[in-house]
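Asks: this one's sequence-less:
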């Protein structure tokens, strides 16, 4: 025959396992039906473009509402590179510059802060006619 104390322990253990299983199912159902109230402005988040700069790194342009951002995304972090909401106007050339054949006009065009190759060439070919 079956020992009554062993049968009582088995029934107690089965009831405990059944009760915990029922509690787990109720919690799962409750969590699944839970609705998270998200901010309505988050629904306007979209990726405009992306470019991969390394195997697990990319630069992304995103639109968030009426704002536009450039983000650097790696495996470890997301960094804001720039806020490009305000687009810079493209410079327009109204009149093309006129070049004078006068040497002094060319020499005065170069400033001391100009580090272009043309400025370098002008500075090394500059002749000082006042020297004796």
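Replies: Yep, that arrived. Given the structure is predicted, the values throughout are model-derived calculations rather than measurements. Numbers count the residues shown, from 1 in each chain.

Asks: domain ranges for the protein?
Replies: Structural domains assigned to the chain are 1-33, 43-83, following automatic domain parsing.

Asks: any idea which element residue 120 lies in?
Replies: Using DSSP states H and E, residue 120 maps to helix 117-124.

Asks: ok so, going back, what's the most buried one of the domains of the chain?
Replies: Of these, the one with the most neighbours on average (mean count of other Cβ atoms under 10 Å) is domain 43-83, at a mean of 12. Every residue, glycine included, has its C-beta placed from N, CA and C.

Asks: mind pulling up the pLDDT for residue 85?
Replies: Looking at residue 85, its pLDDT reads 83.

Asks: give me every residue that touches it.
Replies: Residue 85 makes contact with 66, 67, 68, 69 under the criterion Cβ atoms under 8 Å, 6 or more residues apart in numbering.

Asks: state the pLDDT value of the third one.
Replies: Okay, so that is residue 68. Residue 68 carries a pLDDT value of 90.

Asks: my read: it touches residue 46, true?
Replies: No. Taking Cβ atoms under 8 Å as the definition, residue 68 is not a contact partner of residue 46, at 10.3 Å.

Asks: joint contacts of those two?
Replies: residue 62.

Asks: quick check: mean pLDDT of the longest strand seen in the chain?
Replies: For the chain, the strand with the greatest residue count under DSSP state E is strand 45-54. Mean pLDDT, strand 45-54: 90.

Asks: residues contacting that strand, please?
Replies: Where contact means Cβ under 8 Å, 6+ apart, the residues beyond strand 45-54 that reach it are 58, 59, 60, 61, 62, 63, 64, 68, 74.

Asks: sounds good, over and out.
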